[in-house]
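Participant: Attaching a predicted model along with its sequence, questions to come.
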Amino acid sequence: MTSYAMLIDGKLVAGSEEFDVINPADETVVAKAPNATDAQLDEAVAAAERAFKSWRKTTAAERGEVLLRIADVIEENAEELIDLLVSEQGKSRKQAEREVLQQGAAGLKLRSKLALEPKVVQDDEQGRVELHYRPLGVAAAIVPWNFPFGIAIGKLATALAAGCTLILKPSPFTPLSTLRLGELIKDIVPAGVLNILSGDDSFGPKLTAHPGIRKISFTGSIATGKKVMESAARDLKRVTLELGGNDAAIVLDDVDAEKIALPLFMGAFINSGQTCVAIKRIYAHESVYEPLVQAVGAIARQAKVGPGKDPESALGPVQNRLQYERVLKVLDTVKSGQGRIVAGGEIAAGKGYFVPPTIVADVQEGCPLVDEETFGPILPIIKYSEVDDAIHRANASGYGLGGSVWSTNEERAAEIARQLDTGSAWVNQHPSLSPLVPFGGAKQSGLGTESGIEGLKGFCQLHVVNIRR
Ligand code: NAD
């Protein structure tokens, strides 16, 4: 059985104990991951503090060079990393390839060019006011299991580009591709600048409570995000929280249902619905409702669900047993009378956490499938008559991550998109993310912003120098 090591102060180290990482496609053990001890966490934070002293003095171009070299290593080892990601996460090979090469290597290249320059906001006979962005210090990045590699890369690239040093913690469900990356790049990143530590459920709270951490960049559920913020409050650590969503797609009366069915399906079922910004509710106008339900249902029935390593599989399993049971519970509520199942809904016997893409019509608010984030392959399609009512219902939610409007009239759609209470609103696409475009959630979907220059600012202290003349 392969064991993976952690990266602490430029050295590969084992934990005192190990835990099993399970392949969700067949429930076998993929490999063992180390459980970081308290002493190893202290050691990693101390190393990151030491490294910060010199890393903060490097130029943005020098830091960018390091990121580019990490991108090269990812490309050189892409096949191994993709296979590992498929085994630990479950996603299809094609989606894993996109995560490693696009979100990963290409994302690093784009983020390597990001730099914050000082800004002069006043320079006249009264005085001169300069804005400087100083890296906060040692940051912690906490990553979920849905896009373990891509999200880890986004956080490490932004933290390092800003001049921070980092403790990176993958999810205990999916630590392997991140740990393997650490092994591959240990001689490329200066010792202590990037430390990768894995652990079981008890490790996250220790990391967020550690007094040496100055910033926490967290992606995960709303419930955990609140705990992270509570822990950070003790010494006012800076936090960025990228949390859950229940994104609505509003389909207007002028669409060609056949034409938009596939992009809507992809937007909902990418990564088997386990995507924060997946479409999780469709509001379709009554005039296009049934054709749309039938068109999306037909695509769902044809989508092949199976192990990610099978090149025929379009969709892999749900990532872990806990999440699988949550999804089955939601499916039970649908079967007990909350909606009409148009496609999917039947769970095949056998190993693996497989759930077919399931389309539910004739459903309303007031049930878990519509009101909460299922985070699995079940999609409700809801009928509406008046567009103002659809906007109101899309916004009547504690979530506010993303949303979209679908129409052949761009101006009309954009006008509606501007009324969505979300961090991002898209027209005729959902989702659309880029390392260069700021991204964050409204309401309980998050706090702060990732990506682009705004994301870099999240790892910095604004320092104002004000000179009187
Ligand atoms: P989770 O909240 O259970 O876990 C996320 C991470 O936090 C893991 O690494 C976990 O080990 C760690 N953790 C758990 N308890 C902790 C604690 N008390 N203190 C510190 N860390 C702790 O989330 P998940 O189930 O891994 O991911 C799914 C959720 O993430 C969904 O709600 C999804 O919408 C959300 N998500 C959001 C975004 C976004 O950008 N907004 C992106 C991806 C996923």
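Facilitator: Great, that's in hand.

Participant: Just the C-alphas of stretch 370-385, formatted as PDB.
Facilitator: Output of stretch 370-385 as PDB, limited to C-alpha atoms (Å, rounded to 0.1, in the frame of the first residue of the first chain):
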ATOM      1  CA  VAL A 370     -35.200  23.300  -3.900                       C
ATOM      2  CA  ASP A 371     -34.400  25.100  -0.600                       C
ATOM      3  CA  GLU A 372     -31.000  23.500   0.200                       C
ATOM      4  CA  GLU A 373     -27.800  22.700  -1.500                       C
ATOM      5  CA  THR A 374     -28.000  19.000  -2.400                       C
ATOM      6  CA  PHE A 375     -24.400  18.900  -3.700                       C
ATOM      7  CA  GLY A 376     -25.200  15.800  -5.800                       C
ATOM      8  CA  PRO A 377     -26.700  14.900  -9.200                       C
ATOM      9  CA  ILE A 378     -30.300  15.800  -8.600                       C
ATOM     10  CA  LEU A 379     -31.800  18.900 -10.400                       C
ATOM     11  CA  PRO A 380     -35.200  20.500  -9.800                       C
ATOM     12  CA  ILE A 381     -36.900  22.300 -12.700                       C
ATOM     13  CA  ILE A 382     -39.500  24.800 -11.400                       C
ATOM     14  CA  LYS A 383     -42.200  26.500 -13.500                       C
ATOM     15  CA  TYR A 384     -42.900  30.200 -13.300                       C
ATOM     16  CA  SER A 385     -45.300  32.600 -15.100                       C
END
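
Participant: So what's the model's average confidence on that stretch?
Facilitator: For stretch 370-385, mean pLDDT rounds to 98.

Participant: What residues does the chain have near the ligand?
Facilitator: For the chain, the residues in contact with the ligand (Cβ under 6 Å from any ligand atom) are 142-146, 169, 171-172, 204-205, 208, 219-221, 224, 227-228, 242-245, 276, 373, 375, 401, 441, 446. C-beta here means a position set from N, CA and C on the backbone, and glycine is covered the same way.

Participant: Mind checking which of these are buried?
Facilitator: 142-146, 169, 171-172, 204, 208, 219-220, 224, 228, 242-245, 276, 373, 375, 401, 441, 446 (16 or more other Cβ atoms under 10 Å).

Participant: show me what contacts His156?
Facilitator: No, residue 156 isn't His; it's Leu. 141, 166, 168, 194 (Cβ atoms under 8 Å, 6 or more residues apart in numbering).

Participant: On the three-state scheme, the residue in the stretch 1-150 of the chain that the ligand sits nearest to is what?
Facilitator: Of all residues in the stretch 1-150 of the chain, the one sitting closest to the ligand is Pro144 (3.1 Å; Cβ to the nearest ligand atom). Here Pro144 is recorded as coil under DSSP: H, G, I helix; E, B strand; the rest coil.

Participant: Okay, it and Ala105: tell me how far apart.
Facilitator: In this view, Pro144 and Ala105 are 21 Å apart by Cβ to Cβ, to the nearest Å.

Participant: cool, and Asp332?
Facilitator: Distance, Asp332 to Ala105, using Cβ to Cβ: 41 Å.

Participant: now Pro431
Facilitator: The spacing between Pro431 and Ala105, counted by Cβ to Cβ, is 20 Å.

Participant: Then Pro368?
Facilitator: For Pro368 relative to Ala105 (Cβ to Cβ), the value is 38 Å.

Participant: Check this protein and tell me which residue is nearest its centre.
Facilitator: By Cα atoms, centre = their mean, the chain has its centre lying nearest to Ile151, at 5.3 Å.

Participant: Skipping adjacent residues, who's closest to that one in space?
Facilitator: The shortest distance from Ile151 to any residue other than its chain neighbours is 5.0 Å, reached at Val143 (Cβ to Cβ, 6 or more residues apart in numbering).

Participant: Can you give me the neighbour number for Ser336?
Facilitator: 9 (other Cβ atoms under 10 Å).

Participant: so who does Tyr353 touch?
Facilitator: 24, 27, 90, 317-321, 323-324.

Participant: Same question for Thr408.
Facilitator: Shown in contact with Thr408 (Cβ under 8 Å, 6+ apart): 254-256.

Participant: rerun at 6 Å
Facilitator: Contact partners of Thr408, counting by Cβ atoms under 6 Å, 6 or more residues apart in numbering, are Asp254.

Participant: Going by residue numbers, what spans are strands in the stretch 1-150 of the chain?
Facilitator: Using DSSP state E, counting those that start in this stretch, the strands of the stretch 1-150 of the chain run over 6-8, 11-13, 17-22, 29-35, 119-123, 127-135, 138-142.

Participant: Indicate which one of these is closest to Ala51.
Facilitator: strand 138-142 (8.7 Å; Cβ to Cβ).

Participant: Confirm that Arg301 sits in a helix.
Facilitator: Yes - under three-state DSSP, Arg301 falls within a helix.

Participant: how near is Glu411 to Ile282?
Facilitator: Applying Cβ to Cβ to Glu411 and Ile282 gives a distance of 22 Å.

Participant: same deal with Thr208?
Facilitator: Applying Cβ to Cβ to Thr208 and Ile282 gives a distance of 36 Å.

Participant: and what of Leu315?
Facilitator: According to Cβ to Cβ, Leu315 stands 18 Å off from Ile282.

Participant: next one: Ala96
Facilitator: On the measure of Cβ to Cβ, Ala96 and Ile282 end up 27 Å apart.

Participant: And Asn77, by the same measure?
Facilitator: Distance, Asn77 to Ile282, by Cβ to Cβ: 39 Å.

Participant: Please say which of those two ends up with more neighbours.
Facilitator: Ile282 (28 against 17).

Participant: can you pull up the bridge partners for the more buried one?
Facilitator: Beta-bridge pairing of Ile282 under DSSP bridges involves Ala249, Ile381.

Participant: before we move on, back to that, mind listing what the residue of the stretch 1-150 of the chain closest to the ligand touches?
Facilitator: 171, 219-220 are the contacts of Pro144 under Cβ under 6 Å, 6+ apart.

Participant: which one of those residues sits closest to the ligand?
Facilitator: Gly220 (2.7 Å).

Participant: Point me to the helix or strand that includes Glu312.
Facilitator: Using DSSP states H and E, Glu312 sits within no helix or strand.

Participant: cool, and Gln461?
Facilitator: Short version, using DSSP H and E: Gln461 is in strand 460-468.

Participant: Relative to the whole chain's centre, how far out is that strand?
Facilitator: Relative to its parent chain, strand 460-468 has a centroid offset of 33 Å by Cα atoms, centre = their mean, to the nearest Å.
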